[in-house]
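In: Here is my input; please provide its structure:
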Amino acid sequence: MQVCMALPSASAAIVARCGILHAHLLSRDKQAARTRSNRPAPAAGLLDTNLPAPTPLSFAVKDPGNSGPLANSTVVTMNGYFGARPNKSFSTITDIYSGVTSNFEALVGEYKHRLSHHVSFDANYTWSHALDFGESNSTGASANAVFDVNNLKLEKGNSNQDVPNRLVIYTVGDSPWRLDGPLGYLLNDYEIAPSFQTQNGLPYSAGISTSASKLYT
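Out: Next up is the predicted model:
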């Protein structure tokens, strides 16, 4: 939905609202993953199905200055997977499928000044929120793309592409003069187009990517 209001001096104000709900039905690969295991089929795109039994792990956040996203002394519990794999003939056995559910909402406010007196200007601010169940951005197969294969509810959260706030300002100005003769080839049709943009950083999730021996040292 979009509302546009014309303003004096070749300008306009625009407010737009956008909402998208995206869901994939079960694919053959996803149904196969559900058949092989009592776990619910995940929504991410890559799942290692050759893992040993999980080992519960707890981590305490040490951040006295509270400079990070997690408060000091917060305890995070997750599963680690160590030891021999059930199928010793292979390392990772990866299921690849499409099954992500996502929800995106955005509100955009924009002020636009069309080209007048050799200058145009645009400023727009976007508020948005993207949620999903842990989609994979990989272009190829990886060992795993879920936080914990035995607790797939943990996948629901802010998307890897979630940018809550974004501001973009730009302007375009062209040379107001028009010269004839040889000087025109050198001095006509110049343009300057400065721009500025700022936004929130992308979210991240903590995880384990090491061996048990390194983990406990």
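
In: Only C-alpha atoms from now on, for both contacts and neighbour counts.
Out: Will do.

In: what about residue 131, how many residues close to it?
Out: For residue 131, the number of neighbouring residues by other CA atoms under 10 Å comes to 19.

In: Kindly report the same for residue 49.
Out: Residue 49: 20 surrounding residues under other CA under 10 Å.

In: quick one: residue 109 and residue 12 touch, right?
Out: No. Counting by CA atoms under 8 Å, residue 109 does not reach residue 12; the two are 11.0 Å apart.

In: tally of neighbours for the closest residue in space to residue 87 that isn't next to it in sequence?
Out: Among residues not flanking residue 87 along the chain, residue 50 sits closest, at 6.5 Å (CA to CA, 6 or more residues apart in numbering). Residue 50 is flanked by 17 other residues according to other CA under 10 Å.

In: quick one, what contacts residue 50?
Out: Contacts for residue 50 were tallied using CA atoms under 8 Å, 6 or more residues apart in numbering; they are 85, 86, 87, 91, 92, 93, 94.

In: Let me know the closest of these to residue 147.
Out: Nearest to residue 147, judged by CA to CA, of those is residue 94 at 14.7 Å.

In: about what we covered before: can you tell me which of the contacts of residue 50 is closest to residue 23?
Out: The nearest member of those to residue 23, counting by CA to CA, is residue 94 at 21.9 Å.

In: okay, now that closest one: neighbour count?
Out: Residues near residue 94, counting by other CA under 10 Å: 17.

In: Return the distance of it relative to residue 48.
Out: 5 Å (CA to CA, to the nearest Å).

In: among the helices and strands of the chain, which has the poorest mean pLDDT?
Out: Across the helices and strands of the chain, mean confidence by mean pLDDT, DSSP states H and E is lowest for helix 28-36: a mean of 39.

In: and the closest residue to residue 58 other than its chain neighbours, what element?
Out: In this structure, residue 58 finds its nearest non-sequential neighbour in residue 77, 4.4 Å apart by CA to CA, 6+ apart. Element membership for residue 77 (DSSP states H and E) is strand 75-81.
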